[in-house]
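Q: here's a sequence, model it:
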Amino acid sequence: MDAPIAIILAAGKSTRMKSEVPKVLHPVCGRLMIDYVLDAARAAGVTKLVVVVGHKADLVRKSLAHHPDVTFAEQTEQKGTGHAVMMCETSLTGHNGSVLILAGDTPLLQGASLKALLDAQSGEKAACVIGTANTINNEGLGRVVRDSAGAFACIVEHKDATPLQRQITEINTGCYAFNTPLLLQSLRKLQPNNVQSEYYLTDCPRILMDEGHKVAASCSLTLEEALGVNTRVQLSEVQTSIQARILTELMLSGVTIENAAQTTINFGAKIGRDTVVRPFTVIDGNVVIGENCVIEPFTHVTGPCTISDGTSVK
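A: Below you'll find the model as predicted:
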């Protein structure tokens, strides 16, 4: 069995972000939004990543060129998620294993959750496992419809859902684990039979079920990690969440951060134990701070730089 592949959907514009910068290239805590998604896929055991580009494709390619495990597929027309995955056929042909399909604007994704999704797909020998979450805040999200026995029946997009289906709280997170040959088989049968006249990836599970293959839905992800960034407000919320994670990891490793709400430390900074970071500090870039240091208030440390043990930085 081949190692898993991941497809990262990154062809969209930044329309609701009111930006000329492709959405996945917006920085979050000192690195690109999509870098977090790539890392989560790698942590789940993925060895090859296919990024689907479209809007300003050359800029996205250039920004990710330093990743040796990333290849690209281009979606020149925006015809839906299923169409985006169709553009990856060359990269998937001949692969005998699992493929994750993820959105490039979900930087809170965790590797453990994606590994659980892959494990569910292989353990149940399913053609597809859909990552789901439960939330009453389901406006605009695809609903997961189950039959009377609780087995997966279908996904209905919000705009196509009946009033009764819109009351369903189990939603599609947009994360999938497919058997690769069966995914390719179902993509060839997709039809744009919906309000938007788009090729929905969410129709693939139904096609596979109609052919007698097993499809399951698994609550392997939290809603927080699966929701994408569509606005600057959501970008700020994600930034706050990732910043809290960075500060928590540093404090648990032995760093004193006197006031987390008044401290900014970007991804990748390394700080030794018993160092004290005082309020109104910004640590940005490739910074290595030794042990028993004091970073005094209103200090901006910009990398690349190394600060020796026992240093007081004013």
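Q: got the contact list for the residue nearest the centre of the chain?
A: The residue lying closest to the centre of the chain (CA atoms, centre = their mean) is Thr106, at 3.4 Å. By CB atoms under 8 Å, 6 or more residues apart in numbering, the residues touching Thr106 are 37, 174-175, 225-229. For the C-beta atoms, the positions are set from N, CA and C on the backbone; glycine is no exception.
Q: and Met86, by the same measure?
A: Contacts of Met86 (CB under 8 Å, 6+ apart): 187, 190, 199.
Q: now Thr222
A: With contact taken as CB under 8 Å, 6+ apart, Thr222 is in contact with 113, 133.
Q: from Cys88, how far off is it?
A: According to CB to CB, to the nearest Å, Thr222 and Cys88 sit 27 Å apart.
Q: in this protein, which spans are helices?
A: 33-43, 57-63, 81-86, 89-92, 111-123, 180-187, 204-210, 223-226, 232-252 (DSSP state H).
Q: tell me the pLDDT at the residue nearest to the centre of the chain?
A: Per-residue pLDDT puts Thr106 at 96.
Q: now it: how far from Gln196?
A: When Thr106 is compared with Gln196 (using CB to CB), they lie 21 Å apart.
Q: same check, this time on Ile283
A: Ile283 is 45 Å from Gln196, by CB to CB.
Q: do the same with Gln234
A: 22 Å.
Q: Gln185 now?
A: Distance from Gln185 to Gln196, by CB to CB: 24 Å.
Q: the more surrounded of these two?
A: Each of Gln185 and Gln196 has its neighbours counted (other CB atoms under 10 Å); Gln185 has more, 16 against 12.
Q: for the more buried one, give its distance to His83.
A: Gln185 is 16 Å from His83, by CB to CB.
Q: ditto for Pro181
A: 19 Å.
Q: looking at these two, which is more packed in?
A: Set Pro181 next to His83 and count neighbours by other CB under 10 Å: His83 wins out with 20 against 16.
Q: so what's that one closest to, chain neighbours aside?
A: In this structure, His83 finds its nearest non-sequential neighbour in Tyr199, 4.2 Å apart by CB to CB, 6 or more residues apart in numbering.
Q: run a quick check on the one you found versus Pro192, I expect a contact.
A: Yes - at 5.4 Å, Tyr199 counts as touching Pro192 under the criterion of CB atoms under 8 Å.
Q: for the stretch 51-200 of the chain, which spans come out with low pLDDT?
A: Judged against pLDDT under 70, the stretch 51-200 of the chain has no low-scoring part.
Q: please redo it, this time with the cut-off set to 80
A: 194-195 (pLDDT under 80).
Q: all strands of it, in order?
A: Under the criterion DSSP state E, counting those that start in this stretch, strands of the stretch 51-200 of the chain are mapped to 70-74, 97-103, 128-134, 143-146, 152-156, 170-179.
Q: in JSON lines: those strands, plus distance to Val255 and mean neighbour count.
A: JSON lines is the format used below for these (distance: least, CB to CB, whole Å; neighbours: other CB atoms under 10 Å):
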{"stretch": "strand 70-74", "distance to Val255": "32", "mean neighbour count": "18"}
{"stretch": "strand 97-103", "distance to Val255": "32", "mean neighbour count": "25"}
{"stretch": "strand 128-134", "distance to Val255": "33", "mean neighbour count": "24"}
{"stretch": "strand 143-146", "distance to Val255": "42", "mean neighbour count": "20"}
{"stretch": "strand 152-156", "distance to Val255": "44", "mean neighbour count": "20"}
{"stretch": "strand 170-179", "distance to Val255": "33", "mean neighbour count": "24"}
